[in-house]
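**Student:** Next come a sequence and a model predicted from it.
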Amino acid sequence: MSTPWPLVVVGATASGKSSVALEVARRRRAAGRPCEIISCDSMAVYRGMDVGTATPSTAVRSEVPHHLLDVVEPSEEFSVSAFAERVRVVLDDLRSRGTQAVLVGGTGLYVRAVTDGLAPPPRYPEVAAELELEPDTAVLLARLRSLDPLAASRIPTGNRRRIVRALEVTIGSGRPFSAAGPGLDVYPPTPFVVVGLDVPRDVLAARIRARYAAQLDAGFLDEVRRLAAVPGGPSRTAREALGYRELLAHLRGEVDVDQAVETAVVRTRRLAVRQERWFRRDPRIEWFEAVDVDPATLAARVDAHWAVASGSVSGSTFGARTDDRDAAPGM
């Protein structure tokens with residue numbers, strides 16, 4: 001059974017993309033067209049991290065099935081390649097059932113791994129562990145510049161994770177990381193319809209602050225306390241989640257709770273700016289003004305665009321590109 005190309009709803013944190021995606025799925029289901037949601041959030045994959053990641057409620061998930069939520073324990077490492085593989089399985093299942101898919105998330109690399117079928121280079125955990133022993137990111141960047149200047153030029157100077165990843169592959173494989181592909185600045189045709197929600201930064205800032213206040217009222221600190229009490233604590237990737245990272249510092253006695261929250265607000269606002277810049281570079285995204293409009297009205301506009309864009313193509317494919325030339329760095 002043929003189905004429209006999947007819809008992807010992206011945007012900065014607090015832009016309202018989850019609400020819009022839910023309303024679009026509701027519209028489709030109300031019209032007799034099965035539709036389910038796939039989360040593209042790098043932290044919502046962890047079980048027990050529901051308050052801080054604004055995971056949809058049980059009631060919402062019973063109304064519209066959601067995928068890639070609560071799939072691994074916080075003690076586990078989770079990579080973009082593992083995520084992309086799981087999404088492939090879900091999309092294949094949905095297509096086999098004639099069910100439409102709405103993907104939603106602000107983790108840009110996760111979205112690109114899906115929309116462009118990127119196949120990441122192998123992992124070299126021992127190399128990565130040795131690199132992490134160096135506390136100075138500038139030292140790591142200098143090393144990358146000497147080994148692979150092209151890869152270094154593609155990575156923001158403060159992005160430690162991507163710098164370590166580039167060095168890991170370069171050292172582990174014996175080949176420059178940049179040889180793995182043209183980088184993330186190439187935007188080929190994709191079998192997905194991608195829309196973005198445009199929200200001014202001052203509005204995002206106010207929403208971010210309000211959301212943290214609501215999350216604390218909903219038991220965010222208790223959730224973090226439970227995670228910290230688990231033997232071994234959260235994994236490296238899980239403890240990097242904004243909000244959790246700062247409240248863990250509070251629980252260690254390093255800062256008071258107000259300082260922790262303020263730091264989380266500032267860092268999350270910076271994340272929102274980075275997300276906006278990431279998505280703005282992608283010319284394939286159709287942008288929608290998302291201020292002073294309720295989610296149902298905005299969803300109707302997005303749904304109409306999805307219908308038109310899907311009607312202009314026939315058939316759809318999804319699969320990892322395994323050619324080294326097509327594997328993008330940063331994974």
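**Tutor:** Yep, that arrived. Not measured: the values here are computed from a predicted model.
**Student:** residues contacting residue 185?
**Tutor:** Residues in contact with residue 185 (Cβ atoms under 8 Å, 6 or more residues apart in numbering) are 154, 281. Every C-beta, even on glycine, is put in place using the N, C-alpha and C of the backbone.
**Student:** Can you list the neighbours in contact with stretch 247-256?
**Tutor:** The contact list for stretch 247-256, computed with Cβ under 8 Å, 6+ apart, reads 220-221, 224-225, 227-228, 234, 239, 246, 257, 259-261, 263-264.
**Student:** List the buried residues in it.
**Tutor:** For stretch 247-256, a neighbour-count test (16 or more other Cβ atoms under 10 Å) marks 247, 248, 250, 251, 255 as buried.
**Student:** now do stretch 21-37
**Tutor:** The neighbour-count check on stretch 21-37 (16+ other Cβ under 10 Å) flags 21, 22, 23, 24, 25, 26, 27, 28, 29, 35, 36, 37 as buried.
**Student:** export stretch 154-170 as CSV, just CAs?
**Tutor:** C-alpha atoms of stretch 154-170 as CSV (Å, rounded to 0.1, in the frame of the first residue of the first chain):
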residue,chain,number,x,y,z
ARG,A,154,33.7,22.1,9.3
ILE,A,155,33.3,21.8,13.1
PRO,A,156,32.5,24.7,15.4
THR,A,157,35.5,25.3,17.7
GLY,A,158,33.5,24.7,20.9
ASN,A,159,31.8,21.5,19.8
ARG,A,160,33.8,19.0,21.8
ARG,A,161,31.7,16.0,20.9
ARG,A,162,32.2,16.4,17.2
ILE,A,163,35.9,17.2,17.6
VAL,A,164,36.4,14.0,19.6
ARG,A,165,34.4,12.0,17.1
ALA,A,166,36.4,13.4,14.1
LEU,A,167,39.7,12.5,15.9
GLU,A,168,38.3,9.1,16.9
VAL,A,169,37.6,8.1,13.3
THR,A,170,40.8,9.7,12.0
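**Student:** Kindly provide the distance from residue 289 to residue 17.
**Tutor:** Distance, residue 289 to residue 17, by Cβ to Cβ, to the nearest Å: 13 Å.
**Student:** Neighbour count: these two, which is higher?
**Tutor:** residue 17 (26 against 12; other Cβ atoms under 10 Å).
**Student:** Let me know the distance separating the more buried one from residue 197.
**Tutor:** From residue 17 across to residue 197, the span is 5 Å (Cβ to Cβ).
**Student:** who touches both of the two?
**Tutor:** 9, 10, 11.
**Student:** Okay, and the closest residue to residue 310 other than its chain neighbours sits in which element?
**Tutor:** In this structure, residue 310 finds its nearest non-sequential neighbour in residue 4, 3.4 Å apart by Cβ to Cβ, 6 or more residues apart in numbering. For residue 4, there is no enclosing helix or strand under DSSP states H and E.
**Student:** Make sure residue 4 is actually in contact with residue 98.
**Tutor:** No: assessed by Cβ atoms under 8 Å, residue 4 is found out of contact with residue 98, at 10.8 Å.
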